[in-house]
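Undergrad: Show me how the following folds:
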Amino acid sequence: KGSLFEGGIRTPAIISFPSKLPKGAVRDQAVTVMDWYPTILDLCGIPQPKHPLDGRSLLKVIASPDAPSPHKVLHWGWGNGWAVRQGDLKLIGRGKPRPGQKPREQLFSLTVDTPQSKDMSRQHPEIAARLHALHADWMKAMEADVKARLALGTAK
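TA: Sure, this is the predicted structure:
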């Protein structure tokens, strides 16, 4: 897959637990592979770990097609690129801009007839800037988390 466009990150998933889950149900909410761990813990009645998880339990999503996504914002990184999605808007960026340069970014709506075919960043620079700031804040938090884990000897 290896692309930050929907064709590279959107993947169908199937879960079966006949005694606890509806059969033949389809859901369209945005979730991530990291959500399976807390979901399976919940299904098995196992308490969630005390340390924070990136994933969220999908039990509400599984129970109702109208349940909101458990994520207000989703982030991806691949190679020299990154993406951030909030609702139906997605910003894809490439690399780190040099001082004084504008970042190479594309803003897309995922609800139009041909999603990710028209870059909206020039028409909506305020949305691109907001999503860029969300990504920058997330990156700072991830870097701080890695540094903290390295200091505790729990990351390599």
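Undergrad: Which helix or strand in this protein has the lowest average pLDDT?
TA: Within the chain, confidence by mean pLDDT, DSSP states H and E is lowest for helix 6-9 among all helices and strands, at a mean of 86.
Undergrad: Contacts for the helix or strand just after that helix, please.
TA: The element immediately downstream of helix 6-9 (helix or strand, assigned by DSSP states H and E) is helix 36-43. Residues from elsewhere that reach helix 36-43 (C-beta atoms under 8 Å, 6 or more residues apart in numbering): 13, 15, 17, 20-21, 47-48, 53, 55-59, 62. Bear in mind the C-beta positions are built from the backbone N, C-alpha and C, glycine included.
Undergrad: Repeat that for stretch 3-17.
TA: 1-2, 21, 31, 33, 36, 39, 43, 62, 76, 78, 81-83, 92, 110, 115-116.
Undergrad: Can you check which helix is longest in this structure?
TA: Looking across the chain with DSSP state H, the single longest helix is helix 125-152.
Undergrad: what ranges of this protein fall below the confidence cut-off?
TA: Within the chain, the stretches with pLDDT under 70 are 1, 97, 154-156.
Undergrad: Go ahead and flag the most central residue of the chain.
TA: residue 74 (2.4 Å; C-alpha atoms, centre = their mean).
Undergrad: Tell me what that one is bridged to.
TA: Using DSSP bridges, the bridge partners assigned to residue 74 are residue 85.
Undergrad: wait, what's in contact with it?
TA: 30, 32, 84-86.
Undergrad: Now do the same contact list for residue 68.
TA: Residue 68 touches residue 29, counting by C-beta under 8 Å, 6+ apart.
Undergrad: Understood, closing this out.
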